[in-house]
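Novice: Sequence and predicted structure, then a few things I'm wondering about:
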2 protein chains.
Amino acid sequence: MGLPIYLKIAEDIKEKINNGELKPGDAIYSENALCKAYNASRMTVRRGLALLANEGYIYSIPGKGNFVQEPDYNSYTLYYNEMENLVNSIDKTKLLEVNIILPDYKLINSLQVTRNKKIIVIRRLFFTEGEPVAYDVKYLPYYKGMPIVEKEIRYATFPQMVAKRTSLFAIKKELVISAQMPDEETKKYLNIYNELPLMVVEQKLYDREGKPIGLGITSFRGDYCKLYAESFFSDSKTAEKYKNEVSENANNLGDK
Amino acid sequence: MGLPIYLKIAEDIKEKINNGELKPGDAIYSENALCKAYNASRMTVRRGLALLANEGYIYSIPGKGNFVQEPDYNSYTLYYNEMENLVNSIDKTKLLEVNIILPDYKLINSLQVTRNKKIIVIRRLFFTEGEPVAYDVKYLPYYKGMPIVEKEIRYATFPQMVAKRTSLFAIKKELVISAQMPDEETKKYLNIYNELPLMVVEQKLYDREGKPIGLGITSFRGDYCKLYAESFFSDSKTAEKYKNEVSENANNLGDK
DNA sequence: AAGTGGTCTAGACCACTCC
DNA sequence: GAGTGGTCTAGACCACTTC
């Protein structure tokens, strides 16, 4: 069959872990044992084990062996894009303000700048089908020669805004998500007349050295925002590619 | 130096990507070229590249080459544990109800069961320093011989509850996060007398075959719950162990 | 035909753990 | 000292893309 040996090894062990044959803390067969069992070279066996290690299934202790890892119960992957979420997609934005200000106490702390540092403020409203659904504020320390392009300001997400200055690979991003009641100003912007909470997402970006390079606060109408997260144990990804082949091969062998 | 060659290769290329020398879509030196440049065997070079691929920095096209990957702007890692979050840790729970019910329409849909399937309901209150901070409901399809242990019911998180039935490795977890206003009952439970929103986290667990095995809804007082997420480009993990040595080497590059 | 990445081998030396 | 994992080599054959 077309399934590479290293994948076969990884899948077999993964299956043993998934069905409970191997439990967290248990030792796996040694690499040499696996070499013999699969009639494979050690590099091939190690490649299979490396896969499992990458997916969080096993870990190794030099001199002792490979062991089944305790799974991480509390880790999820969250997809967040202020322009797009479960409930709505932003189809229009309105620029409320673009300005350069001096930071107040909170901003000085959050962006770790001096009180004389100029800060760009961008305040926007996000619309979905004519309805205002989110109030968005970004704070960016101003640097000389920083390009400010109208179109970008209107339609860019936060990472896109700073991409001009730094490689996006180098950026660390943080989110703090909370439920809050809107103040009077926000109520007005978002056409809130009754008791309706906000989903507030605070987004902070850091450069490679860990220095903050931007703070964004997006306040969604509670009825227009749901965030979605999932635990992905990257199970299938590895063998997915071969899945068809496997079933094909089951039917017709031997051509090519 | 103690830094393994494959790590050195990976770090060098990563640096080129981070500082913008290599941009998304750009081709990397071919594996053979890297072999010569680092005076290394191809397996070693490929190990370095495999690292970068795993971290989302590059991808490869057979027959063409390795290329710099466009980073994923919208992906974050969220840590969620209903008993523990940014603001508070649950130090006491109160069991409101443990019961077996027949599912209503919504549960039938959500858990994908028949209307005759028995469902376990567990309703709890979570406390922090004497204050009720969250109202928690879990729905679990009932299976014969399912152990129900008082202590577990009181203090277990959702994944822990189902761990008895299925290997946790095999579980897929989903979260849907929203901001809502409390109903009268919840207000009473959580001592809410004024306008205070809820952070509602809906948690759904699936077994290996994708069948739902549990639904949980936790309603936190808005002032007692903040969720935290971060983008981790697993940068450091790889080289962390060698960091001291890396900075040593940073001074005397430029050879070759 | 030449170059690329994908898989794999059969060794090697090292540092470590366990006995 | 025997066994373990960690690193690495110098080849090999394959399928693929490009010219």
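Specialist: Ah, there it is.

Novice: Can you report how many residues neighbour the closest residue to chain B within chain A?
Specialist: Closest approach between chain A and chain B, counting by Cβ to the nearest Cβ: A:P197, at 3.2 Å. For glycine as for every other residue, the C-beta is placed from the backbone atoms N, C-alpha and C. A total of 27 residues lie near A:P197 under the criterion other Cβ atoms under 10 Å in any protein chain shown.

Novice: Point out the residues in the stretch 151-256 of chain A that sit beside chain B.
Specialist: Within the stretch 151-256 of chain A, the positions lying close to chain B (Cβ under 8 Å from any Cβ of the partner chain) are A:157, A:159-160, A:167-181, A:195-199, A:208, A:220, A:222, A:225-233.

Novice: Could I get the contacting residues of the residue of chain A closest to chain B?
Specialist: A:A179, A:Q180, A:M181, A:P182, A:G222, B:A179, B:Q180, B:M181, B:P197, B:L198, B:G222 (Cβ atoms under 8 Å, 6 or more residues apart in numbering or on different chains).

Novice: Check A:P182 too.
Specialist: Going by Cβ under 8 Å, 6+ apart, the list of residues near A:P182 reads A:L190, A:I192, A:L196, A:P197, A:L198, A:S219.

Novice: what do you get if the cut-off is 10 Å, keeping everything else the same?
Specialist: A:P182 sits next to A:135, A:188-190, A:192, A:195-198, A:200, A:219, A:221-222, B:197 when contact means Cβ atoms under 10 Å, 6 or more residues apart in numbering or on different chains.

Novice: Low-confidence stretches in the stretch 151-256 of chain A?
Specialist: For the stretch 151-256 of chain A, applying pLDDT under 70 flags the ranges A:151, A:165, A:167-168, A:170, A:232-256.

Novice: So A:R46 belongs to a helix, correct?
Specialist: Yes: counting by DSSP: H, G, I helix; E, B strand; the rest coil, A:R46 is part of a helix.

Novice: measure the residue nearest to it when sequence neighbours are not counted to DNA strand D for me?
Specialist: Distances taken as Cβ to Cβ, 6 or more residues apart in numbering or on different chains put A:E31 closest to A:R46, at 6.3 Å, once the chain neighbours are dropped. When distance is defined by Cβ to the nearest atom of the strand, to the nearest Å, A:E31 is 3 Å away from DNA strand D.

Novice: could you dump the contacts of A:P197 to TSV with secondary structure and distance to A:N99?
Specialist: What follows is the contacts of A:P197, written out as TSV (DSSP: H, G, I helix; E, B strand; the rest coil; distance: Cβ to Cβ, whole Å):
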residue	secondary structure	distance to A:N99
A:A179	strand	29
A:Q180	strand	24
A:M181	coil	26
A:P182	coil	22
A:G222	helix	28
B:A179	strand	29
B:Q180	strand	34
B:M181	coil	34
B:P197	coil	30
B:L198	strand	35
B:G222	helix	30
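
Novice: near DNA strand C, which residues of chain A?
Specialist: Contact residues, chain A versus DNA strand C (Cβ under 7 Å from any atom of the strand): A:4-7, A:39-44, A:47, A:61-64.

Novice: Contact residues of chain A facing DNA strand D?
Specialist: A:28, A:30-33, A:42-43, A:46, A:60-66, A:256.

Novice: and with 10 Å instead?
Specialist: Contact residues (Cβ under 10 Å from any atom of the strand) of chain A with DNA strand D: A:2, A:27-35, A:41-43, A:45-46, A:49-50, A:53, A:58-67, A:256.
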